[in-house]
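Asks: Sequence and predicted structure below; questions after.
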Amino acid sequence: MGTVGGDGDEDTKRPEVIVRRSARRRRTVDARREGDTVIVSVPASMTRAQEKQWVEKMLERLERSDRRRRPGRSAGDEDLAARADRLAREHLDAASPDGRWPRPSSVRWTRPMRTRWASCTPVDGTIRVSERLREVPGWVLDHVLVHELAHLREGNHSPAFRALEARYPRSERAIGYLEGLSAGAGLEIGDDADDTD
């Protein structure tokens, strides 16, 4: 077993990597996260050069997987705005009388809010998303964005609003996820708390 340090600059901080060699493992290489550490399991017969190549390959795979599953981790405001635009096209444009849902003037991350996951101000078209959502799966972030986009036309949580929100197919599941996240973290974030400003 060996450890590969977490060196690198601050922007591209590498996790600590522990390499575990196994005599039982013949050809396969596996990697998994344990907190801030990545455990890479390799065959005992592998050379150090092969091990180094596989560690790099497995770190890249984990990073790609993280970007797909947790897109907020590395997303900037521009990425968030592009995601909102795509969601409006895919789920809300057809619900608009003119075939184009209103687009927000800005979509940005904001410091964690105490009583809401995100907020929308329809008057100026701004959407703010809590930094707490950087760690949620992509489909949960997508639900929150569709929810806020729906507020561009419906200022409250009326039946018409709920019908728009439900155009995102995983909304109900995402609502359950957020309720569990809120309860587990002891946050006072509920469905009523995200009314518009």
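Replies: Yep, that arrived.
Asks: Number of residues surrounding Arg103?
Replies: 14 (other C-beta atoms under 10 Å). Any C-beta I mention is one placed from the backbone N, CA and C, and that applies to glycine too.
Asks: Give me the distance between it and Arg64.
Replies: Noted for Arg103: a distance of 29 Å to Arg64, by C-beta to C-beta, to the nearest Å.
Asks: Ok, Glu188 next?
Replies: Counting by C-beta to C-beta, the gap from Glu188 to Arg64 is 36 Å.
Asks: and if you look at Pro102?
Replies: Applying C-beta to C-beta, the value for Pro102 to Arg64 is 34 Å.
Asks: what's the nearest residue to Val140 once chain neighbours are set aside in contact with, if anything?
Replies: Nearest residue to Val140 in three dimensions, chain neighbours excluded: Ala174, at 4.6 Å (C-beta to C-beta, 6 or more residues apart in numbering). Counting by C-beta atoms under 8 Å, 6 or more residues apart in numbering, Ala174 touches Trp139, Val140, Asp142, His143, Val144, Tyr168.
Asks: okay, the fifth one: pLDDT?
Replies: Just to be clear, that refers to Val144. Per-residue pLDDT puts Val144 at 97.
Asks: surely it meets Leu133?
Replies: Yes: the criterion here is C-beta atoms under 8 Å, and Val144 meets it with Leu133 at 6.2 Å.
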